[in-house]
Every structure is written in C-alpha cells, then in structure tokens.
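> whatever this is, show me its structure:
(one chain, ligands or ions: 1)
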Amino acid sequence: MTPITVAALVVLLTWLERRRPLRVEVEPKTVRISRNLSVAALAALTVQAIEIPLVRPVAIAVEHRGWGVTGALPVPRWLAVVTALLLLDYTLYVWHVLTHRVPWLWRMHVVHHVGRDLYASTALRFHAAEIAASVPWRAAQIVAIGVSPDVLVLWQSCVLGAILFHHANLRLPPALDRALSWVVVTPRMHGIHHSAVRAHTDSNWSSGLAVWDRLHGTFRDDVPQEAITIGVPAYSRPGDVTLLTIVALPFVRQRPSWELRP
Ligand SMILES: [Zn+2]
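Next up, the predicted model:
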C-alpha cells in the first residue's frame, strides 16, 4: 500500500469516525493524533531502515529456492498464494498472543495499548522497538511458509487495511458488525481487546480474519462498548501517556500493567 493510499484510508476512516463514533473520546483530538503519528513516524523509519532491508532479501531467496510449505505444495499458483496469506495471518495471530504473554515483548506492545482512545491512527502507533523485534519473526514466517516478495507486499497491504479498519472508532450497524465478525476483525471486536480489563484484553487477538479467534475459543463479543475503558490500568492518567513517556516506556522499569494506580 503506498503512503498516499494509507493517508487516503486514514482520512476516509477519520471522516466516518466523526459521523458514527463507537466510543466516547477521552483525550483531545490534536494531542492524540499528533502523538500517534509521531510514534508511527518512528515505526515507519524502522520499517525502512531495518525491516525492508532484512526481510525482502529473505523473500527473494525463498522465491528462488522454492523454500517453505507453499513451495512444496503441488497446487496451482493461486492456491499457493491463498494458503500463504492464510498462514501469514494465522502466524500473526500467534505473534500477537506472544507480544502479550512474553514480558520483554509486552513492554514494547504495551505502548500500543496504553492509548486511552482507539482510533484509526492508533493502528499506526507501534513502538519502533516492537517493529524491530518482529523482524526475526517475519523472516521465519517467510521462510517457513514460503512467501515471495509479491505475496509479502500483498499481505502487508491487506493487514494494514484491516488494522486501520478495526482500530477505527466506527459504529457500524450492529447486525453488520456481527455478520462481519464471522469473517474479519471488526471495531467492536478490537475495542474489547483494548479494554483496561485483562480478561477482555486476553481475547480477540486476530488481525485479519476473525476465524483464528473463533477456532481458538478466544473470540468475545459480549462486552458492550459503553462498558469499556480503553487503555492499561497502570498507565491510566494523562501524564502516563505523553509522547516522551511512551517512547521511553519499553526501556524503563515496568509497573504491574493490570493494577490500577492508587
Ligand atoms: Zn494487543
């Protein structure tokens, strides 16, 4: 997805968010957007400086040598591509669970979760350290699954479109949201994943297709959005989530995330 397409999608979702908000806004818009985009800029730099130079050559080698599951399958090309996309989406589900379960990964992923609002721009707000930490996982996905550079670009565009959509503060008609949640992750589903209640956050880990949560029994849609406080209890005050604080967050002593500060 080109930067212009991403910008156009963010503008469209931002317009829809204003017309049909799903949750009440907590922080001032300008503060939130400038903070999200600043973290996103550092993430984008990391993608350009580290991820692409390391991962793309792996995908090129995989294509030349026919490595990976899909390279070994005696199936037509289109079916191999579909299989690769499904396996990439599933292994992203696994990675997302790991970023919550493994303490040194959580201290990076928590930066994405401490936001006290959830909007399309939150989808771009991942700490640069988390992007860097995901590079070996991405390389392993590419080698094990057999992902060519073209399929990698296609998948990354699909994921980006999907995460911009499900982070949006967008109230879809409930029946539509419910029907869509059989196929893809919806804003209501992902709102529950960003709840400050740990039992809620430990659900809805999928990024693209919702099927992985359905299969693992981690799908939840039983929490009304009005009952959700977005964020992480230990970082629930405005001063806990300033730009400098969250950029430094992975590198400082961690508070117990799920305990509300007195
Ligand atoms: Zn998460």
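> what helix or strand is Trp104 on?
helix 103-113 (DSSP states H and E).
> which other residues reach that helix?
Applying C-beta atoms under 8 Å, 6 or more residues apart in numbering, the external contacts of helix 103-113 come out as 39, 98-100, 122, 125-127, 129-130, 133, 194, 201, 231-232, 235, 246-247, 249-250, 254, 257. (C-beta placed from N, C-alpha, C; glycine too.)
> buried sites along that helix?
By 16 or more other C-beta atoms under 10 Å, the buried positions in helix 103-113 come out as Leu105, Trp106, Arg107, Met108, His109, Val110, Val111, His112, His113.
> now swap in stretch 72-90 and tell me
Ala80, Val81, Thr83, Ala84, Leu85, Leu86, Leu87, Leu88, Asp89, Tyr90.
> mean confidence score for it?
Mean pLDDT, stretch 72-90: 95.
> then stretch 99-114?
97.
> from the middle of its chain, how far away would that stretch be?
Mean-position distance between stretch 99-114 and its chain equals 12 Å (C-alpha atoms, centre = their mean, to the nearest Å).
> which parts of the stretch 51-200 of the chain are strands?
Here the stretch 51-200 of the chain has no strands by DSSP state E, counting those that start in this stretch.
> please report how far Ile228 lies from Pro238.
Ile228 is 19 Å from Pro238, where distance means C-beta to C-beta, to the nearest Å.
> ok, the residue lying farthest from the centre of the chain - contacts?
Here the chain reaches farthest from its C-alpha mean at Pro74, the gap being 32.6 Å by C-alpha atoms, centre = their mean. By C-beta under 8 Å, 6+ apart, Pro74 lies in contact with nothing.
> please report how far it lies from His64.
19 Å.
> what's the answer for Pro238, then?
Taking C-beta to C-beta, one finds Pro238 at 52 Å from His64.
> over to Val114?
With C-beta to C-beta as the criterion, Val114 and His64 are 42 Å apart.
> which of the two has more neighbours?
Ranked by neighbour count (other C-beta atoms under 10 Å), Val114 and His64 place Val114 first, with 21 against 9.
> for the more buried one, which non-adjacent residue is closest in space?
Nearest in space to Val114, with sequence neighbours left out and distances taken as C-beta to C-beta, 6 or more residues apart in numbering, is Tyr235 at 4.3 Å.
> quick one, what contacts the one you found?
Val110, Val114, Val241, Leu249, Arg255, Ser257.
> go on, Trp212?
Asp89, Tyr90, Tyr93, Trp205, Ser206, Thr218.
> okay, these in JSON lines with distance to Ala144 next?
Output for the contacts of Trp212, formatted as JSON lines (distance: C-beta to C-beta, whole Å):
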{"residue": "Asp89", "distance to Ala144": "14"}
{"residue": "Tyr90", "distance to Ala144": "11"}
{"residue": "Tyr93", "distance to Ala144": "15"}
{"residue": "Trp205", "distance to Ala144": "20"}
{"residue": "Ser206", "distance to Ala144": "20"}
{"residue": "Thr218", "distance to Ala144": "23"}
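> and the residue nearest to Val114, what's its pLDDT?
94.
> and stretch 14-23, what's its mean pLDDT?
Stretch 14-23 comes out at a mean pLDDT of 94.
> span of that stretch from start to end?
14 Å (C-alpha to C-alpha, to the nearest Å).
> which helix runs longest in this structure?
Of all segments of type helix in the chain, defined using DSSP state H, the longest is helix 77-101.
> who touches the closest residue to Val111 other than its chain neighbours in this structure?
Closest residue to Val111 apart from its sequence neighbours, by C-beta to C-beta, 6+ apart: His127 at 4.0 Å. Counting by C-beta under 8 Å, 6+ apart, His127 makes contact with Val39, Leu42, Ala43, Met108, His109, Val111, His112, Ile246, Val247, Leu249, Pro250.
> surely the last one touches Ala128?
When you say that, I think you mean Pro250. No: applying C-beta atoms under 8 Å as the test, Pro250 and Ala128 come out as separate, 9.3 Å apart.
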